[in-house]
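Q: can you look at this prediction? I've put the sequence above it.
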Amino acid sequence: EACVLDSTPLRAAFMTEATAKSRDVILREDDFVPLLKSASDAFGGRVLRQVSDPAWLGSFSAVTRSAQQADDVERFIDHFGGRHNQTFATFGELVASARGLLLAKATALHVDGRLPRYDLVLEPPQMAALGEALSGCVSTLDRSILAVLDALRQEAERLGLGWVAAADGVEDGLDQRRLLPRNIDIENATDEQEHIAEVGARFLKMVQASRNLDLTRVREPAELPSYVAEFATEERCRWYESAAHNIQSMYDTYVSRTSMEADHPWLKAIRGHASVCLHLLEMATGLMHFYQRHENDIRHEPASEAISSVVSKEDVLHLVVNVCLRQAYLIVEAATGVAERVLETFVRQGVASLSMPEGVVLHARPLALVVQIARHYGTPLEVTLNGETGEGTSLMSLIILGGKHPKPDTIEVRGDSRALSDIELLFESGLGESGTLPAALDYLRTH
């Protein structure tokens with residue numbers, strides 16, 4: 001016989017469980033409008049003022065505050081899932097676009113205002129070219145920002161947000177911070193010279209990374225999409241930005257205002273060039289995020305069309321490649337000599353002539369240990385086998401070299417004397433092929 005169960009208790013239990021688990025409540029669009037108005041009124045007031053009085057875009061503090069308020073509104077919209085709603089998606093994307101462009105403009109104003117304060121080793125024509133590039137960048141950003149803000153004004157009117165323009169007057173545009181006195185003595189940092197040497201070595205690595213981006217010339221508009229796809233994705237820009245940030249942070253921690261800096265004032269050029277490079281890369285990263293998001297990620301077609309109609313993708317790519325990345329390349333290239341001088345001054349250089357251990361061949365595993373030693377000290381190292389030289393910090397370089405000379409007659413290593421001492425120990429212990437390493441090389445076991 002069929003057994004018929006009363007499903008009412010089961011259904012009730014299920015509904016109770018589902019209700020307990022669910023915290024989402026569907027909000028009527030009409031009910032969201034007053035919430036959005038309250039959350040966006042302050043930002044909207046600035047939008048209307050900046051559209052009617054573009055002089056506001058020349059104030060660093062005004063632009064920065066607008067970007068912060070745009071970020072607040074963007075977070076508010078995302079909290080309610082507004083960018084997945086047809087009524088509010090375009091508004092949300094325009095707010096996000098305004099935030100990104102305003103941040104880029106704030107960075108451009110910041111670096112332009114601080115250029116005279118940096119100890120840059122640029123010839124007058126180079127300084128003039130940098131200033132001209134930043135000026136052109138600001139002009140292009142202003143056009144794009146005003147177009148996005150005007151589109152945002154129209155979208156706010158469509159939604160009935162009832163924004164009211166902010167009061168007259170431009171805020172103080174001085175790039176000024178209030179700081180507590182710097183009175184902690186950091187001159188006791190352990191082995192300042194090693195830290196300074198690492199700053200120089202990291203800067204030279206950034207020089208090499210910059211050269212790999214092939215930025216020696218200005219690219220034509222038709223070349224830009226394929227170039228960014230290969231060389232300047234948002235991920236790659238973020239890596240490059242992080243490298244510059246690490247150099248600046250390390251300098252501020254271990255070098256700034258120390259006796260070493262006082263005795264060698266030319267060190268400040270490293271800080272200046274790293275900082276200008278960092279700000280240019282911050283702009284490049286933000287603009288690439290804008291480009292890649294609106295090129296690939298927006299699913300709501302009206303929102304995508306609204307942004308494409310007011311911001312030129314070609315202008316954005318031009319700023320990323322021909323202004324931000326190229327000027328960053330020129331800035332780090334100009335300070336290459338200073339970074340090399342850092343190593344010459346603070347790193348005791350040496351040359352070691354080595355013999356191959358009996359029965360050992362230079363293949364990937366022992367060569368990887370050499371590379372780990374070089375990277376441990378963070379300074380350049382040259383490895384020469386039978387007269388042919390490879391880069392000691394590059395495993396691929398050494399594998400290619402070792403493939404040509406697996407049992408070299410002559411081995412010469414040139415660079416940081418600390419690294420040379422460890423490499424000599426490595427060779428004396430059979431390049432690790434016996435499975436044992438000296439205690440002094442314990443740091444290799446962690447890799």
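A: Noted; the coordinates are in hand.

Q: can we go C-alpha only for contacts and neighbour counts from here?
A: OK.

Q: who are the contact partners of residue 343?
A: 197, 200-201, 379 (CA atoms under 8 Å, 6 or more residues apart in numbering).

Q: rerun that using 10 Å as the cut-off
A: Each residue near residue 343 by CA atoms under 10 Å, 6 or more residues apart in numbering is listed here: 193-194, 196-201, 204, 349, 379-380, 415-416.

Q: leaving out the residues flanking it, which one is nearest to residue 41?
A: Ranked by CA to CA, 6 or more residues apart in numbering and with sequence neighbours excluded, the top spatial neighbour of residue 41 is residue 163, at 5.9 Å.

Q: what are the buried residues along the host helix or strand of residue 426?
A: Using DSSP states H and E, residue 426 sits in helix 417-428. Within helix 417-428, the residues scored as buried using 16 or more other CA atoms under 10 Å are 417-420, 422-428.

Q: go on, stretch 54-64?
A: Across stretch 54-64, burial judged by 16+ other CA under 10 Å covers 56-64.

Q: and which of those residues is nearest residue 135?
A: Distance to residue 135, by CA to CA, is smallest for residue 58 among the buried residues of stretch 54-64, at 11.6 Å.

Q: next one: phi and psi at residue 85?
A: Dihedral angles of residue 85 (phi, psi; degrees, to the nearest 10) stand at phi -120, psi 130.

Q: residue 420 and residue 198, how far apart?
A: For residue 420, the distance to residue 198 (CA to CA, to the nearest Å) stands at 16 Å.

Q: what do you get for residue 142?
A: Look at residue 142 and residue 198: by CA to CA, they are 39 Å apart.

Q: as JSON lines, the buried residues of stretch 54-64 with distance to residue 362 would be great.
A: Listed next are the buried residues of stretch 54-64 as JSON lines, based on distance: CA to CA, whole Å:
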{"residue": "56", "distance to residue 362": "64"}
{"residue": "57", "distance to residue 362": "60"}
{"residue": "58", "distance to residue 362": "60"}
{"residue": "59", "distance to residue 362": "60"}
{"residue": "60", "distance to residue 362": "57"}
{"residue": "61", "distance to residue 362": "59"}
{"residue": "62", "distance to residue 362": "61"}
{"residue": "63", "distance to residue 362": "58"}
{"residue": "64", "distance to residue 362": "56"}
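
Q: show me these that map onto strands.
A: Secondary structure from DSSP state E places none of those in strands.

Q: check contacts around the residue nearest to residue 41.
A: Residue 163 sits next to 37-38, 40-48, 153, 156-157 when contact means CA under 10 Å, 6+ apart.

Q: want to throw the residues you listed into a markdown table with neighbour count?
A: Listed next are the contacts of residue 163 as a markdown table, based on neighbours: other CA atoms under 10 Å:
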| residue | neighbour count |
| --- | --- |
| 37 | 18 |
| 38 | 12 |
| 40 | 22 |
| 41 | 19 |
| 42 | 18 |
| 43 | 24 |
| 44 | 26 |
| 45 | 18 |
| 46 | 25 |
| 47 | 27 |
| 48 | 18 |
| 153 | 22 |
| 156 | 19 |
| 157 | 12 |
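
Q: flag every buried residue along the longest helix seen in the chain.
A: Secondary structure of the chain read by DSSP state H shows that its longest helix is helix 124-159. For helix 124-159, a neighbour-count test (16+ other CA under 10 Å) marks 127, 130, 133-134, 137-138, 140-142, 144-153, 155-156, 159 as buried.

Q: just the helices in the stretch 151-300 of the chain please.
A: 192-211, 224-231, 234-254, 259-263, 268-292 (DSSP state H, counting those that start in this stretch).

Q: give me whichever of those is most buried.
A: Scoring the helices of the stretch 151-300 of the chain by mean neighbour count under mean count of other CA atoms under 10 Å gives helix 268-292 as the most buried, with a mean of 24.

Q: now the following helix or strand past it and helix 124-159, what's the angle there?
A: Next along the chain after helix 268-292, taking DSSP H and E as the criterion, comes helix 301-308. Orientation check (axes from the mean of the first three to the mean of the last three CA atoms, to 10 degrees): helix 301-308 against helix 124-159 gives 140 degrees.

Q: which other helices and strands does helix 301-308 contact?
A: The contact analysis (3 or more CA pairs under 10 Å, 6 or more residues apart in numbering; DSSP states H and E) places helix 301-308 against helix 89-114, helix 124-159.

Q: please state the offset of that helix from the chain centre?
A: Centre-to-centre, helix 301-308 and its host chain are 27 Å apart (CA atoms, centre = their mean, to the nearest Å).

Q: quick one: it to helix 89-114, angle?
A: Interaxial angle of helix 301-308 relative to helix 89-114 (the same axes, to 10 degrees): 30 degrees.

Q: tell me the average confidence for whichever strand or helix holds residue 398?
A: Secondary structure from DSSP H and E places residue 398 in helix 395-404. Mean per-residue pLDDT for helix 395-404: 94.

Q: contacts for that helix?
A: So helix 395-404 is contacted by 361-372, 382-386, 388-392, 405-406, 408 (CA under 10 Å, 6+ apart).

Q: buried ones only from the residues you listed, please, as a ChimeraX command.
A: To isolate the buried members of the contacts of helix 395-404 in ChimeraX, using 16+ other CA under 10 Å:
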select :361,362,363,366,367,368,369,370,371,372,382,383,384,385,389,390,391,392,405,406,408
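
Q: the contacts of helix 395-404 in helices, which ones?
A: Taking DSSP H, the ones among the contacts of helix 395-404 that sit in helices are 364-372.

Q: can I get those in CSV including pLDDT and distance to residue 317?
A: Shown next, in CSV, are the ones in helices among the contacts of helix 395-404 (pLDDT from 0 to 100; distance: CA to CA, whole Å):
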residue, pLDDT, distance to residue 317
364, 92, 40
365, 91, 42
366, 91, 44
367, 93, 41
368, 93, 39
369, 93, 41
370, 94, 41
371, 93, 37
372, 93, 38
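
Q: where does the closest residue to residue 165 other than its chain neighbours fall, secondary structure wise?
A: Computed as CA to CA, 6+ apart, the closest residue to residue 165 that is not its neighbour in sequence is residue 45, at 4.1 Å. For residue 45, the host element (DSSP H and E) is helix 29-52.

Q: can you check residue 353 too?
A: strand 349-354.

Q: buried set for that strand?
A: Neighbour-count burial for strand 349-354 flags residue 349 (criterion: 16+ other CA under 10 Å).
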